[in-house]
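J.: Only the shape, not the letters, is given here:
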């Protein structure tokens with residue numbers, strides 16, 4: 001089971017037809033690796049990491065046109 005199949009721990013799943021104002025949707029936030037990659041890689045080096053692997057889901061980049 002992943003976060004996406006199980007949801008946030010202790011928070012019941014709620015399905016709505018639209019985004020409700022004032023409601024927190026954790027899956028609407030992103031990590032923003034693109035905007036922070038330099039500092040993130042520096043932190044990895046400080047922690048002693050010797051390699052870093054990432055992947056890109058192209059379906060999240062290209063529009064559906």
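T.: On my side now, so go ahead. Owing to the predicted nature of the structure, the values given are computational and were not obtained by experimental measurement. Residues are numbered from 1 along each chain as shown.
J.: And the most centrally placed residue in the chain, how far from residue 51?
T.: Nearest to the mean C-alpha position of the chain, by CA atoms, centre = their mean, lies residue 30 at 4.1 Å. Computed as CB to CB, to the nearest Å, the residue 30 to residue 51 distance reads 23 Å. No exception for glycine: its C-beta is placed from N, CA and C like everyone else's.
J.: likewise residue 23?
T.: 39 Å.
J.: So which of those two has more stuff around it?
T.: residue 23 (9 against 5; other CB atoms under 10 Å).
J.: Where is the longest helix in this structure?
T.: The residue-count maximum for a helix in the chain (DSSP state H) belongs to helix 33-46.
J.: Could you list every helix and strand in contact with that helix?
T.: Helices and strands touching helix 33-46, by 3 or more CB pairs under 8 Å, 6 or more residues apart in numbering; DSSP states H and E: there are none.
J.: Give me the distance between it and the centre of its chain.
T.: With CA atoms, centre = their mean, to the nearest Å as the basis, helix 33-46 stands 16 Å off its chain's centre.
J.: residues in contact with that helix?
T.: Applying CB atoms under 8 Å, 6 or more residues apart in numbering, the contact partners of helix 33-46 are 52, 54.
J.: what's around residue 16, how many residues?
T.: Counted with other CB under 10 Å, the neighbours of residue 16 add up to 8.
J.: phi, psi of it?
T.: phi -130, psi 160 (degrees, to the nearest 10).
J.: Please tell me how far it sits from residue 25.
T.: Distance, residue 16 to residue 25, using CB to CB: 10 Å.
J.: all helices for the protein, in order.
T.: Taking DSSP H as the criterion, the chain contains helices spanning 3-6, 33-46.
J.: if you average pLDDT over the last one, what comes out?
T.: Per-residue pLDDT values across helix 33-46 average out to 92.
J.: Then stretch 16-28?
T.: For stretch 16-28, the mean per-residue pLDDT is 84.
J.: Need the distance between the two termini of that stretch.
T.: 14 Å (CA to CA, to the nearest Å).
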